[in-house]
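Novice: fold the stuff below for me.
(3 chains)
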Amino acid sequence: MPDYSKELNEAQYDAVQTTEGPLLVLAGAGTGKTRVITYRIAHLINNVGVPAQNILAVTFTNKAAGEMKERIMKLVSRSDSDIWIGTFHSICLRILRRDGHLVGLGAGFGILDQDDRLAVVRDIVKSLNIDVKKYPPKQYMWRISNFKSTRAYVDEAAPGTDEFHMMDEVFSQYQKKLKEQNFIDFDDMLALTIRMFRQNSDVTQYYRNMFRYILVDEYQDTNDIQFLFLKILATETGNICVVGDDDQSIYGWRGADIRNILEFDTVYQNTKTVRLVENYRSRPVILQTANALISNNRMRKGKNLVACREEGGMVQVMPVGNETDEAEFAAQTIQKYLDEGTSPDEIAVLYRTNAQSRNFEVLLNRMAIRYKVVGGIGFYQRKEIKDILSYLRLHDNPYDGVSFARSVKAPPRGIGDTAVSNITEYASAEGLSLIEAARQSLPALRGAQKRGMEPYLWIFTELGAQSKVSEMVKTVIYLTEYEDFIKKYEDEHEAEKRIGNINELYNAAVSFEMAFPEGTMSDFLAATAITTSLDESDNTAAVKLMTIHSAKGLEFEQVFLTGLENGLFPLHGSLDEPAELEEERRLCYVAVTRAKQNLHMTYASTRMVYGNRMPQRRSPFLDEMGIAGIKAPAKPRPYMDVSQKPKSTVARTEVNGIKSGSKVSHEKFGEGMVVAISGSGDSANCDVFFKAGGLKKIRVGFLKLL
DNA sequence: GGCGACTACATTTTT
DNA sequence: TGTAGTCGCC
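Specialist: Model (predicted):
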């Protein structure tokens, strides 16, 4: 019987050992919450004797699920591997694959991803002659999604018409299309699972008996529906352990309800609460900064992180002229870290909005530093991948109108919108599959259309003769002549990338077959639908660029937190809404606590916004961090903490046109950037950060402005 | 029916 | 600034 007490601190061990009854683990950033979950599962299996299949663990991303599974495997024997670990969505999907017929789902139902569902909504909105200028399809989609995350939808109520024009009609048509084409969307995964539970007490009981121990990670980001899902399953045993940090709740905009964690102990009677506050990740100076910042929030349980690491590292605030200077500063400092031997994987550039990544990419490119933009458009959302997949999806589900419309036009083959809607309408009226309808339309086609449609249909005949997922992928790539299509349209570099992606899709299919020898095409397609950019593995050593949201759960030696400007971070729109401002502050807290060693924060005095250069003011968060009170690190790195510069409202200190942020050159040290200026006139000294030599103090007279 | 050009547009975060 | 969506021409 393994003893885990030596591998855990007291609070962690307490959480691991408390196996019965509701348990709330309030785990601050870097306090080892993943460790608690993995060890708790190991403890349940190895020491309490709970069969693995009686454990359900919910994570935030598929990637996190994979990593957790790996870690657990190291602690338990191989025969104990069949724990249910996954995201809410993947778990519900698995349940619906088994029992979805109870709520009217056809076998092998497909999943409508974000793009597809927008396409469906757009069609409906157009067909209803709604003024798309006044009521954009996106609005409807958003509305539908929101409604589907409510209990009303679970209970099969109709949406309220409310002030929103035609909402009822759009919604019911949307639902009808989904049903017709045997689709569910993202929100349905949870909602239909719960509906199925509600209507089938015997099935519910089956899952209750199965999931006798439930663990949930990142509980602060759960929404009402997810809460309900857990409540239904856990209500009998009460063995539910949720781990989270109210200070890191950053998905309120997506419906996550911070009250889930704040009120957990009132919902579940006799909850035991364990607080993890000992932080093993960050230098004390970073934690001070984080604590100071978050103490400005009112909606929180309240806790301060306690530093376990020794003094060292630093928090730097770097004012820069504009977004290019900001990127240059980051790139140069990164270069310096790399020269010192820091692994690129230990460096991250964080920003509030995806659009900010651009400048960093340009500068890092120029300096030949390997980087990877994390998040954004995921692999399976890429055009070329969706094109290929649309054939496979249509083959898998011949009623899939979205995939029909997509595949028949990519590559173009003379069939346009008119033909597509004719065929779609015909299929719908006759109850035919789209492939069958297309086949029947063949005699009516002439010329280019006929010459296009015939080989198109032939592809599906070929697919019908195959069963191996990877072979089918290959067949589509080959028979569509997709590579030629790409080469014809894209520039060389772009084409190469896309062809690479297509090959990567084939590889993914091969890996899928190896991982799931029994897996069907439906399974493969489902996997592609719920895989997001955050789930993609990053096996190349590269500096990471990402939004703060994407950085949740990660840690880096060196963190650049950029764009700390009022209106950007906190983002405008949150400024006069206290709850939203608090969420922005939590987001900032998440960013700060990603750093292990050094935290560099930048803000620009001007920035391009929608193509206009706008003056910017520094973020109030910087002041809240109490930057001024931070002592210099015991063993200072060769940087200057310029945060304590006099806050002059007039132009910043400037001598001979040289000011902070200026690019200058020096006879001996070469090119550099001015970080700070002290004194005035000819005797002024500049702190200059040289590309080659790091930080030096130089008389202004020896510098040449570049 | 396809394609290119233009314009208008809106800009948060994504399971 | 960048892109998505529309319009009009071939």
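Novice: who's in contact with A:S470?
Specialist: Listed by C-beta atoms under 8 Å, 6 or more residues apart in numbering, the contact set of A:S470 reads A:506, A:509-510, A:512-513. Where C-beta positions appear, they are placed from N, C-alpha and C, glycine not excepted.
Novice: got CSV for those, with distance to DNA strand B too?
Specialist: Output for those, formatted as CSV (distance: C-beta to the nearest atom of the strand, whole Å):
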residue, distance to DNA strand B
A:Y506, 23
A:A509, 21
A:V510, 24
A:F512, 19
A:E513, 24
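Novice: of those, keep whichever come out buried.
Specialist: A:506, A:509-510, A:512-513 (16 or more other C-beta atoms under 10 Å).
Novice: inside strands: which ones of these?
Specialist: Per DSSP state E, strands hold no members of the buried ones among the contacts of A:S470.
Novice: possible to save these as JSON lines with pLDDT?
Specialist: Listed next are the buried ones among the contacts of A:S470 as JSON lines, based on pLDDT from 0 to 100:
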{"residue": "A:Y506", "pLDDT": "88"}
{"residue": "A:A509", "pLDDT": "87"}
{"residue": "A:V510", "pLDDT": "87"}
{"residue": "A:F512", "pLDDT": "84"}
{"residue": "A:E513", "pLDDT": "85"}
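Novice: out of the residues you listed, which comes closest to A:N223?
Specialist: Each of the buried ones among the contacts of A:S470 was checked against A:N223 using C-beta to C-beta; the closest is A:F512, at 29.9 Å.
Novice: for the closest one, which non-adjacent residue is closest in space?
Specialist: A:F524 (5.3 Å; C-beta to C-beta, 6 or more residues apart in numbering).
Novice: what number of residues are in the vicinity of the residue of chain A found nearest DNA strand C?
Specialist: Nearest residue of chain A to DNA strand C: A:G611, at 2.8 Å (C-beta to the nearest atom of the strand). Residues contacting A:G611 under the criterion other C-beta atoms under 10 Å number 5.
Novice: burial check on A:G49, number of neighbours?
Specialist: For A:G49, using other C-beta under 10 Å, the count is 8.
Novice: again with A:E494
Specialist: 11.
Novice: elements contacting the host helix or strand of it?
Specialist: Per DSSP states H and E: A:E494 is located in helix A:492-515. Counting contacts by 3 or more C-beta pairs under 8 Å, 6 or more residues apart in numbering; DSSP states H and E, helix A:492-515 packs against helix A:383-396, helix A:469-479, helix A:482-489, helix A:521-530.
Novice: contacts (any at all) between DNA strand C and the third one?
Specialist: So the one you mean is helix A:482-489. No: figure legend: helix A:482-489 not in contact with DNA strand C (C-beta under 7 Å from any atom of the strand); closest approach 15.0 Å.
Novice: swap in the longest one?
Specialist: No: under the criterion of C-beta under 7 Å from any atom of the strand, helix A:383-396 makes no contact with DNA strand C; the nearest approach is 9.6 Å.
Novice: about what we covered before: the residue of chain A closest to DNA strand C and DNA strand B: what is the separation?
Specialist: Separation of A:G611 from DNA strand B (C-beta to the nearest atom of the strand, to the nearest Å): 6 Å.
Novice: same deal with A:I95?
Specialist: From A:I95 to DNA strand B the distance is 16 Å (C-beta to the nearest atom of the strand).
Novice: figure out how far stretch A:28-38 is from the centre of its chain.
Specialist: 20 Å (C-alpha atoms, centre = their mean, to the nearest Å).
Novice: who in the stretch 351-500 of chain A is up against DNA strand B?
Specialist: Counting by C-beta under 7 Å from any atom of the strand, the stretch 351-500 of chain A sits next to DNA strand B at A:352-355, A:375-376, A:378, A:409, A:412-419, A:449.
Novice: the residues you listed in strands, which ones?
Specialist: Within those, no residue falls in strands by DSSP E.
Novice: related to what we said a few turns ago, contact partners for the residue nearest to A:F512?
Specialist: By C-beta under 8 Å, 6+ apart, the residues touching A:F524 are A:392, A:469, A:509, A:512.
Novice: now swap in A:P284 and tell me
Specialist: A:P284 sits next to A:307, A:309-311 when contact means C-beta under 8 Å, 6+ apart.
Novice: possible to save those residues as JSON lines with neighbour count?
Specialist: Formatted as JSON lines, those follow (neighbours: other C-beta atoms under 10 Å):
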{"residue": "A:A307", "neighbour count": "21"}
{"residue": "A:R309", "neighbour count": "17"}
{"residue": "A:E310", "neighbour count": "9"}
{"residue": "A:E311", "neighbour count": "12"}
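Novice: for the stretch 151-300 of chain A, what are the low-confidence residue spans?
Specialist: Where the stretch 151-300 of chain A drops to pLDDT under 70, the residues are A:160-167.
Novice: quick one: the strands in it, in order.
Specialist: Under the criterion DSSP state E, counting those that start in this stretch, the stretch 151-300 of chain A carries strands at the ranges A:183-185, A:213-216, A:240-244, A:272-276, A:278-279.
Novice: again, but for the stretch 551-700 of chain A
Specialist: Going by DSSP E, counting those that start in this stretch, the stretch 551-700 of chain A shows strands at A:556-561, A:595-604, A:606-609, A:612-615, A:654-655, A:658-659, A:663-666, A:670-678, A:685-690, A:694-699.
Novice: I'd like to know how many residues surround the residue lying closest to A:A27 once chain neighbours are set aside.
Specialist: Excluding the flanking residues, the one nearest A:A27 by C-beta to C-beta, 6+ apart is A:K33, at 3.6 Å. For A:K33, the count of nearby residues is 22 (other C-beta under 10 Å).
Novice: which residues are in contact with A:K33?
Specialist: So A:K33 contacts A:25, A:27, A:217, A:243-245, A:276 (C-beta under 8 Å, 6+ apart).
Novice: measure it to DNA strand B for me?
Specialist: Per C-beta to the nearest atom of the strand, A:K33 is found 17 Å from DNA strand B.
Novice: ok, now how distant is that residue from A:Y482?
Specialist: As defined by C-beta to C-beta, to the nearest Å, A:K33 lies at a distance of 44 Å from A:Y482.
Novice: then A:R212?
Specialist: Separation of A:R212 from A:Y482 (C-beta to C-beta) stands at 49 Å.
Novice: perfect, I'm done here.
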